[in-house]
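**Q** Fold the following and give me the result.
(one chain, ligands or ions: 1)
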Amino acid sequence: MSNQPFRVVILGGGTAGWMAATALASMLPRQRYSVTLVESEAIGIVGVGEATLPQMKNFNDLLAIDEAEMMRSTRATFKLGIDFVDWGFVGSSYVHPFGIHGPGATGLAFHQRWLRTVSAGRDWSIEDFSFAVAAARANRFEFPRDGTAINSTYSYAYHFDASLYAAYLRGVAEARGVTRVEGKVRDVEQGEMSGEIRALLLESGIRVDGEFFVDCSGFRSLLLSGKLGVEWDDWSRWLPCDRALPVPTERCGELTPYTRVTAMKAGWRWRIPLQHRTGNGYVFSSRFIDEEKAREELLASLDEPLLAEPRLLKFEAGRRVRSWERNCVALGLSSGFLEPLESTSIYLVQIAIMHLVELFPTGKIDPRLVAEFNRRMDLEYDRIRDFLILHYHLNSRDDSELWRYCRGMDVPQSLEQKIELFRHSGYIEDYRYGLFNAPSWLSVFLGQGLTPEHHHPLADAVPVARLENELDRLRTEIEDRVDEMPKHATFLARYAEAHEATEAALHKAEARL
Ligand SMILES: Cc1cc2nc3c(=O)[nH]c(=O)nc-3n(C[C@H](O)[C@H](O)[C@H](O)COP(=O)(O)OP(=O)(O)OC[C@H]3O[C@@H](n4cnc5c(N)ncnc54)[C@H](O)[C@@H]3O)c2cc1C
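**A** Numbering: from 1, shown residues only. Now for the predicted structure:
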């Protein structure tokens, strides 16, 4: 390697671009690598993406990002899971929590014991045994405890203002040595023989050279798709939603520590509580409803005054068949988008950055690094795809075409197998890598109405009356510990107050609730 630093150029300054810039500048040795980010204020960013997953906290911790400062800067709230309303059938509701069901390591999966009591006639929900669900439904929050107590069995994520998050990270990244170049890319120079990208040519005449390029140009996918021609894998036959109408409203009502997603006739709508406003939006399939009707349905469903008009976003569910091609890696929307139902997009950016850092080139791009990165990202995308399809496919709604179509569609074999295993005896395939482990699958299987035909024979080892007593005690303990927790708004105000006032200490902790 020469003495010249290896120049990394990031195209795009949305969430993906600034997350990559912050991480690369923080983790790569400065004497060997330089990081430059090109973005265009005239084009702007997509500016939606307000709900995250618990992995985001690991990302912040790894990069020494101050949580309280980040939350204050992005008007963030805490998130313990997602409340799915009307998904299995109209009138149903279940929470996909960030946590396990039951008390932790129990040998036999906890839900097998629960199933045993249900088959013996007890009418209680698996949710009664999830600390995260109980806290979410009670609108309470505090940080999970260490150790093995019941209030250590959950984790948390954030809701935040997506445009404020990119702006916040920009400040962090620039302070850590990232050079930002303003301007619109007009052309891209490639090596004649290798086809590798050599430089971005801006409308202003500026030229930005590099050895390695990170495409964070959003849906445009300017480098990976536009220049390197990597094809698109279309997954819309399984994930038919292809439009969104986001709209912010004033904040009112109690500050919930969860996202709410409500199924609609041709898609679903979200509700995300932030400190200063509520994020809402309707994600729908243009095959089943037109934009005007969707807009009407969305507006009719909102109780709070609008802060702006809904704006239409178009997308397609799918991904580029490779995220790394030659000397370019795509992150974020330029590499794919699986629709926002389980808030997986920012996670995909984060995990791609982690894999990239682990496999980072030191000079000439080695195809073995490329293949390994692409293998890992295939796994990530496929697992998320199956989990998302599950929500649509396992439904018993009969009130509209979309839901009938989804129930009847053929699903990937990998998903079919998971469904059948669970249907048989509640068995859930677990895996070390990739998003969504057994507790997540469990909550969606049961929440969408799939009850296993049998429980595991090991659950019969203990007399059912003893099992019921244990579960009764556990349920009471969860209720008692949750009652001791502060309200989400109170906790947030206290946390924020400790680090300066936030929104007048959240309207004086929601006028003392
Ligand atoms: C309706 C909807 C809801 C979503 N909700 C969630 C959610 O709850 N949770 C979640 O994790 N994700 C969510 N997402 C996804 C999330 O918004 C994105 O993954 C995230 O914002 C990253 O976007 P990005 O940085 O890839 O693209 P963008 O924000 O679009 O940024 C693209 C950047 O490229 C620059 N650029 C483009 N072309 C040029 C050019 N020619 N020259 C110079 N610069 C250029 C732009 O200026 C911009 O800076 C949602 C997405 C949608 C559509």
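**Q** Quick one: name the residues of the protein near the ligand.
**A** With Cβ under 6 Å from any ligand atom as the criterion, the chain meets the ligand at residues 11-17, 38-40, 43-46, 48-52, 162, 184-185, 216-218, 220, 222, 244, 246, 281, 313, 315, 332-334, 340, 343, 345-346. Yep, even glycine has a C-beta here, placed from its N, CA and C like the rest.
**Q** Give me the pLDDT value at residue 509.
**A** What the model reports as pLDDT for residue 509 is 49.
**Q** Just grab the bridge partners of residue 188 for me.
**A** Note on residue 188: beta-bridge partners by DSSP bridges are residue 200.
**Q** separation between it and residue 205?
**A** Using Cβ to Cβ, to the nearest Å, residue 188 is found at 15 Å from residue 205.
**Q** which one of the two has more residues nearby?
**A** Using other Cβ atoms under 10 Å as the criterion, residue 188 and residue 205 rank with residue 188 on top: 18 against 8.
**Q** wait, doesn't that one sit right on residue 217?
**A** No: counting by Cβ atoms under 8 Å, residue 217 is not a contact partner of residue 188; they are 10.6 Å apart.
**Q** Give me the common contacts of those two.
**A** residue 223 (Cβ atoms under 8 Å, 6 or more residues apart in numbering).
**Q** next one: stretch 429-442 to chain centre, how far?
**A** In this view, stretch 429-442 has its centroid 15 Å away from the chain centroid, taken as Cα atoms, centre = their mean, to the nearest Å.
**Q** follow-up on the earlier one: list the ones among the residues of the chain next to the ligand that fall in strands.
**A** Those of these mapping onto strands are 11, 38-39, 185, 244, 246, 281, 313, per DSSP state E.
**Q** Now do the helices in the stretch 201-350 of the chain.
**A** Per DSSP state H, counting those that start in this stretch, the stretch 201-350 of the chain carries helices over the ranges 291-301, 345-358.
**Q** quick one: which of those is nearest residue 192?
**A** Closest to residue 192 of the helices of the stretch 201-350 of the chain, according to Cβ to Cβ: helix 345-358, at 26.6 Å.
**Q** Can you pull out the low-pLDDT segments for this protein?
**A** 1-2, 106, 497-513 (pLDDT under 70).
**Q** try 80
**A** 1-3, 104-106, 252, 432, 496-513 (pLDDT under 80).
**Q** Give me the neighbour count for the closest residue to residue 162 other than its chain neighbours.
**A** Excluding its sequence neighbours, the residue lying closest to residue 162 (Cβ to Cβ, 6 or more residues apart in numbering) is residue 49, at 4.4 Å. Using other Cβ under 10 Å, residue 49 has 25 neighbouring residues.
**Q** for residue 49, phi and psi?
**A** Backbone geometry at residue 49, expressed as degrees, to the nearest 10, gives phi 110, psi 70.
**Q** I'd like the numbering to begin with 8 instead of 1 from here.
**A** In the new numbering, first residue 8, that becomes residue 56.
**Q** Check whether it really touches residue 351, as I assumed.
**A** No: contact criterion Cβ under 8 Å: residue 56 and residue 351 do not qualify, at 10.3 Å.
**Q** Which stretches in the stretch 358-507 of the chain count as helices?
**A** With DSSP H, counting those that start in this stretch as the criterion, the stretch 358-507 of the chain has helices at 374-400, 408-415, 420-432, 445-454, 471-491, 495-504.
**Q** Need these in TSV (columns: mean neighbour count and distance to residue 70).
**A** TSV is the format used below for the helices of the stretch 358-507 of the chain (neighbours: other Cβ atoms under 10 Å; distance: least, Cβ to Cβ, whole Å):
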stretch	mean neighbour count	distance to residue 70
helix 374-400	19	20
helix 408-415	16	39
helix 420-432	15	33
helix 445-454	22	25
helix 471-491	14	32
helix 495-504	21	20
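**Q** ok, so what distance separates the residue nearest to residue 159 when sequence neighbours are not counted from residue 31?
**A** Sequence neighbours aside, residue 152 is the residue nearest to residue 159 in space, at 4.5 Å (criterion: Cβ to Cβ, 6+ apart). Counting by Cβ to Cβ, the gap from residue 152 to residue 31 is 34 Å.
**Q** neighbour-wise, which of the two wins?
**A** residue 31 (25 against 13).
**Q** Confirm that the more buried one sits in a strand.
**A** No: the assignment for residue 31, made by DSSP: H, G, I helix; E, B strand; the rest coil, is helix rather than a strand.
**Q** looking at it, it is touching residue 40, isn't it?
**A** Yes: counting by Cβ under 8 Å, residue 31 does reach residue 40; the two are 7.2 Å apart.
**Q** shared neighbours of those two, anything?
**A** residue 15.
**Q** Dihedrals phi and psi, residue 92?
**A** Per degrees, to the nearest 10, the backbone of residue 92 is at phi -110, psi 130.
**Q** Next up, the contacts around it.
**A** By Cβ under 8 Å, 6+ apart, residue 92 lies in contact with 99-100, 267-270.
**Q** Can you get me a residue count around the closest residue to residue 228 other than its chain neighbours?
**A** Closest residue to residue 228 apart from its sequence neighbours, by Cβ to Cβ, 6+ apart: residue 341 at 3.9 Å. By other Cβ under 10 Å, the residues close to residue 341 number 29.
**Q** Does residue 341 touch residue 234 like I think?
**A** No: shown here, residue 341 and residue 234 do not form a contact pair, counting by Cβ under 8 Å, at 11.4 Å.
**Q** Looking at the stretch 108-257 of the chain, what residue ends up closest to the ligand?
**A** Relative to the ligand, the nearest point of the stretch 108-257 of the chain is residue 225 (2.6 Å; Cβ to the nearest ligand atom).
**Q** got a list of what the residue nearest to residue 352 when sequence neighbours are not counted touches?
**A** Excluding its sequence neighbours, the residue lying closest to residue 352 (Cβ to Cβ, 6+ apart) is residue 56, at 6.0 Å. Neighbour list for residue 56: 22, 169, 347, 350, 352-353 [criterion: Cβ under 8 Å, 6+ apart].
**Q** Next: residue 349.
**A** Counted by Cβ under 8 Å, 6+ apart, residue 349 has contacts 60, 89, 103, 391, 394-395, 398, 443.
**Q** which of the residues you listed lies closest to the ligand?
**A** Set against the ligand, the nearest of the contacts of residue 349 by Cβ to the nearest ligand atom is residue 60 (7.4 Å).
**Q** and the helices of the stretch 208-357 of the chain, which is most packed in?
**A** By mean neighbour count, with neighbours taken as mean count of other Cβ atoms under 10 Å, helix 352-365 ranks first of the helices of the stretch 208-357 of the chain at a mean of 22.
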